[in-house]
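[1] following is a predicted model, sequence given first.
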Amino acid sequence: MRKIPWSVFWMFGCVLLLGSCSGEEREKVAEEELPSQIVDNFQMQESKSGKALYFLQGRRAFYYDKRSEIVVLDPHITFYGRGKEVTSEAVCDSGVISNRTSDLVAYGHVVVTTSDSTILYTDSLAWFNRRAKIETDAEVTIASGEGTIKGKGLISDADLNRIEIKEEVSGTTPFSIDEESE
């Protein structure tokens, strides 16, 4: 018995879907861009002037030429410092890479772990390549040996050395702020 490839079933399903749609619905489905390529065990490295900025690998990637984007499933991103040392690593459920800017957006169960074991948890996060900054408007939790901080929204460098939490900041830390008395 001859096996039928899954792509034939997929195409048959699309034909059935288009056949059951009204003319307007058919146009909408036809406008949806299908990936131009699908790559398993995806890997890419971003560098600037010969220096590695990050290395990204994922289980599967979908290239969308018209949108100039790559959607990656189960990405693992390693960020590098100036001396090629690993400064942090990020994992999440999925991500989108802009082919124009090399910016990254991570979605679902985002965890960033730095080389000093600081851990950032959030549900979405964007890496802006040109500015070398990460940002989110989502809720964040940052855990380290010095305590745990929670808040909403964040701007930081990739190794979480300079963190700005935008609002609703709370948490515990052994540091205290002493006001100078005059």
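    Here it is on my side, so go on. Residues are numbered from 1 along each chain as shown.

[2] quick one: buried residues of stretch 65-74?
    69-72 (16 or more other C-beta atoms under 10 Å). Any C-beta I mention is one placed from the backbone N, CA and C, and that applies to glycine too.

[3] now do stretch 132-141
    Neighbour-count burial for stretch 132-141 [16+ other C-beta under 10 Å]: 133-136, 140.

[4] kindly report the same for stretch 70-86.
    Within stretch 70-86, the residues scored as buried using 16+ other C-beta under 10 Å are 70-72, 75-77, 79-81.

[5] so for this structure, which residue is the most central one in space?
    With the centre of the chain defined as its mean C-alpha position, the nearest residue by C-alpha atoms, centre = their mean is residue 106, 1.9 Å away.

[6] in space, what's closest to that one - neighbours in sequence excluded?
    residue 92 (4.1 Å; C-beta to C-beta, 6 or more residues apart in numbering).

[7] report the contact partners of that neighbour.
    75, 106-111, 125 (C-beta atoms under 8 Å, 6 or more residues apart in numbering).

[8] one more time with 10 Å
    58, 72-77, 104-112, 122-125 (C-beta atoms under 10 Å, 6 or more residues apart in numbering).

[9] what about it, distance to residue 76?
    9 Å (C-beta to C-beta, to the nearest Å).

[10] please enumerate the shared neighbours of those two.
    Common neighbours of residue 92 and residue 76, counting by C-beta under 10 Å, 6+ apart, are residue 58.

[11] re the thing from before, inside strands: which ones of the buried residues of stretch 132-141?
    The members of these that map onto strands under DSSP state E are 133-136, 140.

[12] next, count neighbours for residue 98.
    14 (other C-beta atoms under 10 Å).

[13] find the nearest non-adjacent residue to it, please.
    Closest to residue 98 by C-beta to C-beta, 6+ apart is residue 69, at 6.0 Å.
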